[in-house]
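Colleague: Here is my input, please return the structure:
(2 chains)
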Amino acid sequence: MRYSQMLLPTAKEVPAEAEVISHQLLLRAGCIRKLTSGLYTYLPLGLAVLKKVEAIVREEMNRFGAQELLMPMVQPADLWEESGRWLKYGPELLRFQDRHNRDYCLGPTHEEVITDIARREFHSYRQLPVNLYQIQTKFRDEIRPRFGLMRGREFVMKDAYSFDVSDEAANQSYQNMHNAYTHIFQRCGLEFRAVEADSGSIGGSFSHEFMVLADTGEDTLVICQECEYAANVEKAKVVLAAASEKIAPTDLHDDLHDCVKVETPGMKKVERVADFLKVSPQQIIKTMIYLADDEPVAVLVRGDREVQPVKLKNLLHVNEVELAEDDTVWKRTKLPVGYIGPVGIPIKLVADQEIMTMTNAVAGANEKGHHLTGVHPGRDFTPVAVGDLRQIAEQDRCPVCQGALELTEGIEVGHIFKLGTNYSEAMHAVYQDKEGKEQTMVMGCYGIGVSRVVAAAIEQNHDKNGIIFPLPLAPFQVIILNLGMKNKETCAAAEKLYQDLQAAGVEVLLDDRDERPGSKFKDADLIGIPYRVTVGKTWEKEGKVELRTRHDGATTLLAYEQASSTLAAMIRDELQALNSSNGQKEE
RNA sequence: CGGGGCGUAGCGCAGCCUGGUUAGCGUGCCUGCCUUGGGAGCAGGAGGUCGUAGGUUCGAAUCCUACCGCCCCGACCA
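Modeller: Numbers count the residues shown, from 1 in each chain, chains lettered A, B, ... in the order given. Alright, predicted model coming up:
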């Protein structure tokens, strides 16, 4: 491609609408343009990157035995009524009617449609297993689209669905996709982790998220320094640590104090209560009021801990939990915020497991300006449910090997679920087994946010000058800067190099614009092309061209005659290395 | 939906509080000269329903009301 012919509008200034770096750079580098909130046009450069991701995804999905198909984006309501999701799915599902007043939605995902295909086409165990996928634009009417391509309302997604004869077979399909995903992100040249994840509203028994590591990630991950364990903090199991903390309160009869009410005027925060009563926050029981599907629930965690809402949601088996606002607490429970405690509390009470190991604890007295000391779980109050409810912290130990943990941020680019028979049962997707008996298919579903991968790649790989595309995702592998536009021979040399590289199978952009050198250098950096070859003075004087790698700025001179073959070989080797290596990068 | 911010030239912004003749700056764009290894310089030029609608006023970008749109924080997710 010739730069002079390409729609590649770069900008020096940061657009006011963009907050995160990938959004800013995608706009500045002329990759995308916003149509309206959450909807973007991919300009040629951005589309080229998207297609790179798609191609890798497609190749690996095919390699792991999945077949590509393409389903409609518009889906009829009756399918969603069958699965029960027409009612369950919230306003994220964009619903509308056609001219006959029939109900439809824009597909945010395709479990219903694919299950419909499966039940029509597959009738025998001989036809299974099957894994079908598509790469398609999805629509979700997000509450708040943001961060450009990171969370749009329209986004390109690869969604795959597996159908198996049994639970064990489904586990294999799941593992197969786990492997495929590892290859995919490996080949994209991204640093990532597969982590255990909450299976969320899609349901199902277990799931993993694939996270691109980047400071701006919306998710927090916990990674074991010693073993393979890695999980989303929403999921990460907290293990009760030292044996001393595990002693049941009943074993300590001699040390049990009585429950005593003390005045703590104005002491609402844990730290202030701790200071005032000369105890550590670890001795305080923190009582948080949540609305669980709109019912107030008191949640207990130790004073120095934080509630993990997703764990709470799972323990309570509700769809939604939300920390209640102070005035809501008063309106709904008549309990005094800052002085709430478990003893005699009139609403549903649940506790983190750690709470039950505490003795002589301090808690709110449910009376303004008062706390209780000498509080004993089990004696003074009994929660209706106890479980792992708190957010894991860096000081915790690995639940598998007790090793040290590290917390880090990540961007979710892939999510795989074992669905089980949720959809196949609801929609009667069955087959006949060897005995001719009817059996329900066991399903899995596997998503990759293709357009999000583009944003994540930039979040992970950029510097102050612009994007640094990993070679496999780069819209062009090489950019040639012709800095001798006035010199016919230099132009001819740049042109020939351009032709030679293309002949060698290299994707190359020739900057043949009538611009000053400074502009060409800046634009080349901004759009993040991995290899830059400059044809200019050095060529005129010494017959050499300058090769510069974007990620480390390393510069070497190449003899003009060898330039194209050298570069082609470098690129081939680099891609080959990513292609053939096994497992995750930076393991 | 709750909280905060913003809509003035393609982009980034000033002007608004305290209303007043022709709405300004930077950048980008066009023309010419000059320049050519990290976004040069000079000269000339084009480009605006000041988000929309209503109101107050002799007079509104500026004050008031409503609406629309966009961005950020929270709940949600590929």
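
Colleague: The closest residue to RNA strand B within the stretch 351-500 of chain A: neighbouring residues, count only.
Modeller: Using Cβ to the nearest atom of the strand, the closest approach of the stretch 351-500 of chain A to RNA strand B is made by residue A:449 at 2.6 Å. C-betas here are computed from N, CA, C, even on glycine. Residue A:449 is flanked by 26 other residues according to other Cβ atoms under 10 Å.

Colleague: and stretch A:431-446, what's its mean pLDDT?
Modeller: Throughout stretch A:431-446, pLDDT has a mean value of 96.

Colleague: hang on, the earlier thing: next up, the contacts around the residue of the stretch 351-500 of chain A closest to RNA strand B.
Modeller: Residues near residue A:449 by Cβ atoms under 8 Å, 6 or more residues apart in numbering: A:155, A:156, A:157, A:412, A:413, A:414.

Colleague: Write down the beta-bridge partners of residue A:307, one by one.
Modeller: residue A:390 (DSSP bridges).

Colleague: buried sites along the helix or strand encompassing residue A:163?
Modeller: In this assignment (DSSP states H and E), residue A:163 forms part of strand A:154-164. Neighbour counts over strand A:154-164 (16 or more other Cβ atoms under 10 Å) mark A:154, A:155, A:156, A:157, A:158, A:159, A:160, A:161, A:162, A:163, A:164 as buried.

Colleague: buried residues in the very next helix or strand once past it?
Modeller: Heading C-terminal from strand A:154-164, the first helix or strand you meet, by DSSP H and E, is helix A:167-187. Within helix A:167-187, the residues that qualify as buried by neighbour count (16+ other Cβ under 10 Å) are A:169-171, A:173-174, A:176-178, A:180-187.

Colleague: Who are the packing partners of helix A:167-187?
Modeller: helix A:44-63, strand A:130-139, strand A:154-164, strand A:192-196, strand A:206-213, strand A:405-420, strand A:442-449, helix A:560-580 (3 or more Cβ pairs under 8 Å, 6 or more residues apart in numbering; DSSP states H and E).

Colleague: Can you tell me which of those is nearest to residue A:353?
Modeller: Comparison of the helices and strands packed on helix A:167-187 against residue A:353 by Cβ to Cβ identifies strand A:405-420 as nearest, at 17.9 Å.

Colleague: do the helix or strand following that closest one and RNA strand B meet at all?
Modeller: For strand A:405-420, the following helix or strand on the C-terminal side (DSSP H and E) is helix A:422-426. No. Contact of helix A:422-426 with RNA strand B is not found when judged by Cβ under 7 Å from any atom of the strand; the minimum separation is 14.0 Å.

Colleague: Other residues contacting helix A:422-426?
Modeller: A:82-84, A:111-112, A:115, A:118-119, A:163, A:203-204, A:429-430, A:440-443.

Colleague: Buried only: go through those residues for me.
Modeller: Listed as buried from the contacts of helix A:422-426 are A:82-83, A:111-112, A:115, A:118-119, A:163, A:204, A:429-430, A:441-443; burial here means 16+ other Cβ under 10 Å.

Colleague: so of these, which ones are in strands?
Modeller: With DSSP state E as the criterion, strands contain A:163, A:430, A:442, A:443 from among the buried ones among the contacts of helix A:422-426.

Colleague: and the two most separated of those?
Modeller: Top of the distance list for those (Cβ to Cβ): A:430 and A:443, 12.1 Å.

Colleague: Which residues of the stretch 351-500 of chain A lie near RNA strand B?
Modeller: So the stretch 351-500 of chain A meets RNA strand B at A:412-415, A:447-449, A:451-452, A:465, A:483, A:485-486 (Cβ under 7 Å from any atom of the strand).

Colleague: Buried subset of these, written for PyMOL?
Modeller: The buried residues among these can be selected in PyMOL (16+ other Cβ under 10 Å) with this line:
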select buried, chain A and resi 412+413+414+415+447+448+449+451+452+483+485
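
Colleague: Just the strands from the stretch 201-350 of chain A, written as ranges.
Modeller: Ranges of strands in the stretch 201-350 of chain A, per DSSP state E, counting those that start in this stretch, are A:206-213, A:219-224, A:230-232, A:260-263, A:285-292, A:295-302, A:321-323, A:348-352.

Colleague: looking at those strands, which has the lowest confidence?
Modeller: When these are ranked by mean pLDDT, strand A:321-323 comes last with a mean of 84.

Colleague: list the helices and strands it packs on?
Modeller: strand A:285-292, helix A:309-316.

Colleague: related to what we said a few turns ago, out of the buried residues of helix A:167-187, which comes closest to RNA strand B?
Modeller: Out of these, the member with the shortest distance to RNA strand B (by Cβ to the nearest atom of the strand) is residue A:181, at 10.3 Å.

Colleague: how does chain A divide up, domain by domain?
Modeller: Chain A breaks down by automatic domain parsing into domains covering A:50-237+A:406-459, A:244-387, A:476-580.

Colleague: which stretch in those has the least confidence?
Modeller: For those, where the average pLDDT is lowest is domain A:244-387, sitting at a mean of 86.

Colleague: what separates that one from the chain centre, distance-wise?
Modeller: From the chain centre to the centre of domain A:244-387 is a distance of 33 Å (Cα atoms, centre = their mean, to the nearest Å).

Colleague: of the strands of the stretch 201-350 of chain A, which approaches residue A:400 most closely?
Modeller: strand A:219-224 (6.7 Å).

Colleague: what's the angle from the closest one to strand A:192-196?
Modeller: Relative orientation of strand A:219-224 versus strand A:192-196 (axes from the mean of the first three to the mean of the last three Cα atoms, to 10 degrees): 90 degrees.

Colleague: by contact count, what packs against strand A:219-224?
Modeller: Partner elements for strand A:219-224 (3+ Cβ pairs under 8 Å, 6+ apart): strand A:192-196, strand A:206-213, strand A:230-232, strand A:405-420.
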